[in-house]
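Trainee: sequence first, predicted coordinates after that:
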Amino acid sequence: MKLKKNDAKIHSKMIKLDELNWKQIEGLDKDKTILFLPISPLEEHGPHLPVGTDIFTAKDTSIEAIKILNKKKPDLTCVLIPAVPLGFCKFNADFPGSISVSSKVVRDIIYGIGSSLAKHSFKFMVISTSHMAIAHLKGIYSGMKRLMMKYEMRLCEPLGPYFFNNEVEKREPKLGFDTSKEIHAGFRETSLMKYQYPYLVDESYKKLQSIYRDLQSPKIIGKTFKQIGLKDGYVGSPARADADYGRWFFNEIVNVYVKSSIELYEGKKQPELPKKIRLAMKALFWQ
């Protein structure tokens, strides 16, 4: 069954699952529909950024990717699932506003949403997350694996492989400092928010000193930000933030989603997380 050509909602630029009725959803061509699921936790991002930083980026880059896909691949139908503001962020849960759920909950959310859709013959889903905590990714990838084993469903999570294979450092403009140390609410994320939501960035970012920590150090793993002295909840140099870089980085993420979505639909092999990250996820206890 195909959708009626005069269905205004279906032919709008942005198709949102929650705005469709069940007959419209039933009428989608399941062989040519790609679903986008943004998921990231609400968590503190220093004294200068909103707790919704990660979910804002996951949702907004998905929306922009869908707009581009609508033009590049008009034969496809891209549908945005409402963003899920949940994830594992136990390491900074001692700050108000951080809401952390277990990696098992993340796994069950991915599997629960995916299986509900798969039972109605949907085949393609892109998981968009801007939160790169290993335990959070463990939940996402475990849920994806279950879905692909049980259903004829193809899924991908594009940003993890991009991030952990250091693609951003390879592609970004020359900046004169080491951006790989900008781990949380530092230069990159503050730049993103200055581009996306400048009115939500507190002016205090301009006076924040650069603070760096190796969060993968065995001495630090398992401890919270406050326990390792990060009393303001950020790692990096937010004072360097630049809206032009934020625009570049935002569009870079969007392009990653567009490319991965097309390759997912065409059945091409997706980039993988590096081996060390896959091993770390496997060795990590469910939290």
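Mentor: Great, that's in hand.

Trainee: and the helices in the stretch 51-200 of the chain?
Mentor: 53-72, 103-118, 134-150, 159-164, 167-171, 187-196 (DSSP state H, counting those that start in this stretch).

Trainee: deepest of these, which one?
Mentor: helix 187-196 (a mean of 24; mean count of other Cβ atoms under 10 Å). For every residue, glycine as well, the C-beta is placed using N, CA and C.

Trainee: ok, residues contacting it?
Mentor: The contact list for helix 187-196 (Cβ atoms under 8 Å, 6 or more residues apart in numbering) reads 45-46, 48-50, 53, 56-57, 60, 168, 179, 182, 200-201, 205, 236-238, 240-247, 249-250.

Trainee: now the angle from the next helix or strand after that helix to helix 187-196?
Mentor: Moving toward the C-terminus from helix 187-196, the next helix or strand (DSSP states H and E) is helix 243-265. Helix 243-265 runs at 90 degrees relative to helix 187-196, counting by axes from the mean of the first three to the mean of the last three Cα atoms, to 10 degrees.

Trainee: in helix 243-265, what's buried?
Mentor: Within helix 243-265, the residues that count as buried by 16 or more other Cβ atoms under 10 Å are 243, 245-246, 248-250, 253-261, 263-265.

Trainee: so for that helix, what's the average pLDDT?
Mentor: The average pLDDT for helix 243-265 rounds to 97.

Trainee: which other helices and strands contact it?
Mentor: With contacts taken as 3 or more Cβ pairs under 8 Å, 6 or more residues apart in numbering; DSSP states H and E, helix 243-265 sits against strand 33-38, helix 53-72, strand 124-128, strand 154-156, helix 159-164, helix 167-171, helix 187-196.

Trainee: distance to residue 232 and mean pLDDT added to those, as CSV?
Mentor: As requested, those are arranged in CSV below (distance: least, Cβ to Cβ, whole Å; pLDDT from 0 to 100):
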stretch, distance to residue 232, mean pLDDT
strand 33-38, 27, 98
helix 53-72, 15, 97
strand 124-128, 28, 98
strand 154-156, 35, 97
helix 159-164, 23, 96
helix 167-171, 24, 94
helix 187-196, 13, 98
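
Trainee: now the ones you listed in TSV, with distance to residue 14?
Mentor: Formatted as TSV, the helices and strands packed on helix 243-265 follow (distance: least, Cβ to Cβ, whole Å):
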stretch	distance to residue 14
strand 33-38	11
helix 53-72	6
strand 124-128	15
strand 154-156	21
helix 159-164	21
helix 167-171	27
helix 187-196	17
